[in-house]
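>>> Could you look at this predicted model? Sequence included:
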Amino acid sequence: MKFIRPLSIPMMGLWALGLSPDGAAADTTAKATTGGVVARIGETEVGEDEVRATLEGLDERERATVAKDPALLNQVVRSMLIQRLVLKQASEEQWDKRPEVSAQVERSRRSTITEGYLRSLAEKSSATPSDSELRQSYEAAKDSLLVPKQYQLAQVFIAAPQDGGKDTEAKAKAKLDTVVKGLSRAGADFASIARLNSDEPDSAAKGGEIGWLLEKQVQPEIRAKVATLAKDATTAPIRLPDGWHIVKVLDVKDAYTPGFEEVRERLAEKIRTERTKAATQAYLAKLIQENPVVINEIALSKLAAPAKP
């Protein structure tokens, strides 16, 4: 059952590769640390100062994420150690002396210096928005800030793929009848019935509870049914391609617009980002105006053409 849309955290992907959030490779050379050692593999160590430097390279939101989940920082340190082991082996084989590797390192160095310099210029120009500016931004963005209606749902799912054959369908229907009969009894405990009968293991382990979902995250066929129900009401069995769903509405939150204070920081970050982008574009435009670019299009087109065998 696909009630919940998957979310991604790009930052974690970078960490998994042992990269800092700005794309620069972490310092992987074995060296003495000035602070205490927090992790070690063999003779390879990661010190407090290095972890601290990594954290300081994160933005405010990323630091908050790590603060809430210490296990995430553990993964970062593990990634740093593993990366150092790999690079130690590569260094012993002088992998970094290869022309293609040297060229890639030089491209990364140029990119890091350029991006860092532009960011420093832009940050000087991106003053913190005033309270008046924030309130104007809030009024202008009210429609986009609307949080849709939300449902807290639980379900009993009886698996019965449409291409599963007659026997599968018959067994599912028999199980469905048992569940429906159980739920129709006075004082029936939906959670217990879900735990015993649902074929969706994750929600079954929680008494059928799926959690809070935005209205648009609920499949249309089910959304149409739960929209007509009050809190604690249960739908009749709903047939979907994967099987039968009986859904209980545990709670409902109507659509609402967050108050100004609730989104103040988000608005401030948005304005700072927009100002940083605008300042960078203005600087580059002025730089190009003062230093006109000349490109030999004919020579360039020849370079872009596929090489002849």
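In hand now; what should we look at?

>>> okay, CA-based contacts and neighbour counts for the rest of this
Noted.

>>> Helices along this protein, start to end?
All helices of the chain, identified by DSSP state H, fall at 10-16, 48-56, 60-68, 70-92, 99-125, 131-145, 166-184, 190-197, 201-204, 220-226, 260-290, 297-304.

>>> deepest of the ones you listed, which one?
helix 190-197 (a mean of 20; mean count of other CA atoms under 10 Å).

>>> tilt between that helix and helix 166-184?
Here the directions of helix 190-197 and helix 166-184 differ by 160 degrees (axes from the mean of the first three to the mean of the last three CA atoms, to 10 degrees).

>>> among the helices of the chain, which is nearest residue 249?
With CA to CA, the closest approach to residue 249 among the helices of the chain belongs to helix 220-226: 6.8 Å.

>>> so what secondary structure elements neighbour that closest one?
Using 3 or more CA pairs under 8 Å, 6 or more residues apart in numbering; DSSP states H and E, the elements in contact with helix 220-226 are strand 238-240, strand 243-253.

>>> Pull out the buried positions in the longest one.
Read that as strand 243-253. 243, 244, 245, 246, 247, 248, 249, 250, 251, 252 (16 or more other CA atoms under 10 Å).

>>> so who does the fourth one touch?
Counting by CA atoms under 8 Å, 6 or more residues apart in numbering, residue 246 touches 155, 156, 157, 234, 235, 236, 237, 238.

>>> Just the buried residues of those residues.
155, 156, 157, 234, 235, 237.

>>> Out of those, name the ones that lie in strands.
155, 156, 157 (DSSP state E).

>>> need the helices of the chain in TSV with mean pLDDT and distance to residue 37, can you?
TSV is the format used below for these (pLDDT from 0 to 100; distance: least, CA to CA, whole Å):
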stretch	mean pLDDT	distance to residue 37
helix 10-16	40	20
helix 48-56	85	6
helix 60-68	81	20
helix 70-92	88	11
helix 99-125	90	28
helix 131-145	92	44
helix 166-184	94	57
helix 190-197	96	47
helix 201-204	94	39
helix 220-226	95	53
helix 260-290	91	35
helix 297-304	84	50
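
>>> okay, those helices in CSV with distance to residue 41 next?
Listed next are the helices of the chain as CSV, based on distance: least, CA to CA, whole Å:
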stretch, distance to residue 41
helix 10-16, 18
helix 48-56, 15
helix 60-68, 23
helix 70-92, 7
helix 99-125, 26
helix 131-145, 48
helix 166-184, 52
helix 190-197, 44
helix 201-204, 36
helix 220-226, 52
helix 260-290, 39
helix 297-304, 46
